[in-house]
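Visitor: What shape does this take:
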Amino acid sequence: MKGLIKLEEAALFLLGIYFFSQLDYAWWWFLVLLLAPDFSMIGYAFGNKAGAWAYNFFHHRGVAILLYLAGMYYSSQLLQLIGVIWFAHSSMDRMFGYGLKYENGFKFTHLGEIGKN
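Guide: Below you'll find the model as predicted:
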């Protein structure tokens with residue numbers, strides 16, 4: 001099952017790349033911004049509960065899609081860019097096994113414990 005999930009997440013990551021290609025930004029922006037959502041891990045400096053909340057919010061694809069759609073509605077390439085990066089990053093993380101976090105620690109995710117096979 002894990003292989004199937006990783007394949008699905010890879011397809012969603014490619015979808016994010018496709019949507020980025022439809023924007024008027026140079027490709028280096030994608031590479032520079034792709035890891036930006038990981039700054040949410042700073043929340044763990046304030047404890048596991050705050051860390052999990054911050055991480056999960058900034059890795060929630062529903063929020064990313066809403067931002068992208070808001071960007072389309074308001075004709076804002078910047079909002080679309082934020083939504084695409086957010087979506088692609090979240091898919092990439094899940095492809096590598098980093099899921100949404102539980103409050104008992106960073107390594108406990110909805111995809112299983114990080115580091116366990």
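Visitor: Might you report the residue contacts of the nearest residue to M41 once chain neighbours are set aside?
Guide: In space, and not counting its chain neighbours, M41 is closest to Y55: 6.1 Å by C-beta to C-beta, 6 or more residues apart in numbering. C-betas here are computed from N, CA, C, even on glycine. Y55 makes contacts with 40-41, 43-44, 100-101, 106, as judged by C-beta atoms under 8 Å, 6 or more residues apart in numbering.
Visitor: and the next element down the chain from whichever strand or helix holds V63?
Guide: Using DSSP states H and E, V63 falls within helix 61-73. Downstream of helix 61-73, the next assigned helix or strand under DSSP H and E is helix 77-95.
Visitor: and the angle for that following helix with helix 61-73?
Guide: 160 degrees (axes from the mean of the first three to the mean of the last three C-alpha atoms, to 10 degrees).
Visitor: Helix 77-95 - contacts with which helices or strands?
Guide: With contacts defined as 3 or more C-beta pairs under 8 Å, 6 or more residues apart in numbering; DSSP states H and E, helix 77-95 has these neighbours: helix 2-21, helix 27-33, helix 61-73.
Visitor: what about the ones you listed, which gets the closest to V84?
Guide: Closest of the helices and strands packed on helix 77-95 to V84 is helix 2-21, at 4.8 Å (criterion: C-beta to C-beta).
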